[in-house]
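K.L.:
got a predicted structure plus its sequence, pasted below:
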Amino acid sequence: MANKETVKKEENVVLIDDVELKESDMTDEQKYLQQQLLDLANKERNLNFQLDQVRASTSVFRNAFISSTKKVADEIIEEKSEEK
């Protein structure tokens, strides 16, 4: 007889106020709402990931702008001191 592996499928469980609710016990509406919540949680994670990138990029551009501004200011000061 050939070896048969049993595949045990874990049922999705939601924890609400310390009470476990199996997906098989949910109504269609509850399943739909749970899927909406999962999708929104994924979107929130993705938006936070993108926001981290935007903040890092903003910092790089801000520092480059400050450096450029300081360089121009130093050149103007140097030109004025040479005129004297």
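P.N.:
Ah, there it is. Residues are numbered from 1 along each chain as shown.
K.L.:
mind listing the helices for this protein?
P.N.:
For the chain, the helices defined by DSSP state H cover 28-83.
K.L.:
return the helix or strand in the chain with minimum mean pLDDT.
P.N.:
The weakest-scoring helix or strand in the chain, judged by mean pLDDT, DSSP states H and E, is strand 13-16 (a mean of 88).
K.L.:
quick one: low-confidence parts of the chain?
P.N.:
Along the chain, the parts satisfying pLDDT under 70 run over 1-4, 84.
K.L.:
let's see it at 80
P.N.:
Counting by pLDDT under 80, the ranges of the chain that qualify are 1-9, 79-84.
K.L.:
about what we covered before: so which elements touch the least confident helix or strand of the chain?
P.N.:
Other helices and strands packing on strand 13-16, by 3 or more Cβ pairs under 8 Å, 6 or more residues apart in numbering; DSSP states H and E, are strand 19-22. C-betas here are computed from N, CA, C, even on glycine.
K.L.:
for the strand it packs on, packing partners?
P.N.:
Counting by 3+ Cβ pairs under 8 Å, 6+ apart, strand 19-22 packs on strand 13-16.
K.L.:
the strand it packs on: partners in the sheet, and parallel or antiparallel?
P.N.:
Strand pairing for strand 13-16, determined by DSSP bridges: strand 19-22 (antiparallel).
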